[in-house]
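**Q** I'll drop the sequence and a predicted model, then ask my questions.
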Amino acid sequence: MRKLKAMELRHLRYFIAVAKHGSFNRAAQTLHLTQPALSRQVKDLEEELSVPLLVRGKNAVTLTAAGDSFYEEAREILARVDLAVQRVRSEPRAEVLRVGYAPSVTAGILPHALQRFHAEHPRVRVELADLFPQDMAGKARDGELDVVITLEIPGATVPHFHWEELYKIQIVLVMPAGHSLATLKRVPPRSLRDVPLVGLAPESFPEYVPHIKKILKPFGIRPHFVALERDGVSTMFASIEAFNAPAILAESAVSFMPRSLVCRPFFPAFDPVIAKIGWSKNNPKTHVSAFAKHLKKAAQGKVHDTPGAA
């Protein structure tokens, strides 16, 4: 005969039902089982315990002395299990906040915001995703992100998102310390005429090249790129050194700049770029606005350092 590998809660429930009704037939009807199946399960329980629990008569079933004792213990066990289940189900479930971000934008503010948010909402788990702008926009459109932190994305790209400004970021020139323009404290935009540049590839950063062309056009400059990197600023820094060519970047990106590079502000300065936070207008998660509040507060206290600046 088949033996139980371990006693299961269902065997206790089956036994209690038989003891309560005094009949396998009536208990089987209550449990929505066939009478033979129920009888076999209870028999397996008795064999597992090596103790007879029931006296099977022609018209009724009664408890043995061991069965009577086991009946009370089994009822107590199931009552405690049911109570534990109710308590677990009554507790609020941990919620998830999905955040897409650009490291060059959030440097210096995201850790502080996360710390304050977690202290206020300890049961909310924040899932961070380091994404390229186009990937961020796509996931936001598809409802895979609750919050987006990046440079300004046109509203038409993610139409159902609400956007708020975090802070303004100055545009600077990053170059090897030995580059000829590194001798200047401030770089006139016209000095970039005929200077090869390193940039970010349109496949990953579709707004970068058009923006550089736009800001240089008033100075009669058409940028010439010797390298366009698709993997972000870290790879871009390597190309700056390899080609001995500068790059025009948002000042926040210099947080990741190696010591072999320097950055200089422009004079006259270009219009700053805007770091923004966006979230779905239809998002029912109440903690989204709380996270935005802490991020904006951290951004207000952000002080930009420019490593390598004179």
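**A** Thanks, I have it.

**Q** Model confidence score at the closest residue in space to D271 that isn't next to it in sequence, please.
**A** Leaving aside its sequence neighbours, D271 sits nearest to I215 (C-beta to C-beta, 6 or more residues apart in numbering; 7.4 Å). All C-beta atoms are positioned from the backbone trio N, CA, C, and that covers glycine. The per-residue pLDDT reported for I215 equals 96.

**Q** Then P154?
**A** 51.

**Q** cool, D305 as well?
**A** 41.

**Q** now do V81
**A** V81 is given a pLDDT of 88.

**Q** correct me, but I77 touches L12?
**A** Yes. Using C-beta atoms under 8 Å, I77 is in contact with L12, at 6.3 Å.

**Q** Who has more neighbours out of these two?
**A** Each of I77 and L12 has its neighbours counted (other C-beta atoms under 10 Å); L12 has more, 19 against 13.

**Q** Can you classify the residue lying closest to K296 once chain neighbours are set aside as helix, strand or coil?
**A** Of all residues not flanking K296 in the chain, L166 sits nearest, at 6.2 Å (C-beta to C-beta, 6+ apart). Under the three-state scheme (DSSP: H, G, I helix; E, B strand; the rest coil), L166 adopts strand.

**Q** which stretches of this protein have low pLDDT?
**A** 1-6, 90-93, 152-156, 284, 302-310 (pLDDT under 70).

**Q** How are the helices of it distributed by residue range?
**A** For the chain, the helices defined by DSSP state H occupy 9-21, 24-31, 35-49, 65-90, 103-106, 110-120, 133-141, 208-216, 233-243, 287-300.

**Q** P196 is nearest to which of the ones you listed?
**A** P196 lies closest to helix 233-243 among the helices of the chain, at 6.8 Å (C-beta to C-beta).

**Q** Mind giving me the packing neighbours of that closest one?
**A** strand 171-176, strand 196-200, strand 224-229, strand 247-250, strand 261-265 (3 or more C-beta pairs under 8 Å, 6 or more residues apart in numbering; DSSP states H and E).

**Q** Quick one: distance of the first one to the chain centre.
**A** What separates the centre of strand 171-176 from the centre of its chain is 32 Å, taken as C-alpha atoms, centre = their mean, to the nearest Å.

**Q** Export that strand to PDB, keeping only CA atoms.
**A** C-alpha atoms of strand 171-176 as PDB (Å, rounded to 0.1, in the frame of the first residue of the first chain):
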ATOM      1  CA  ILE A 171      27.000  72.500 -20.900                       C
ATOM      2  CA  VAL A 172      30.700  72.100 -20.700                       C
ATOM      3  CA  LEU A 173      33.600  70.900 -22.900                       C
ATOM      4  CA  VAL A 174      35.500  67.800 -21.700                       C
ATOM      5  CA  MET A 175      38.900  67.100 -23.100                       C
ATOM      6  CA  PRO A 176      42.300  65.600 -22.400                       C
END
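
**Q** contact partners of that strand?
**A** For strand 171-176, contacts defined as C-beta atoms under 8 Å, 6 or more residues apart in numbering pick out 181-182, 187, 192, 215, 237, 240-241, 244-251, 253-254, 257, 260-266, 269-273, 306.

**Q** Could you check the angle it makes with strand 196-200?
**A** 110 degrees (axes from the mean of the first three to the mean of the last three C-alpha atoms, to 10 degrees).
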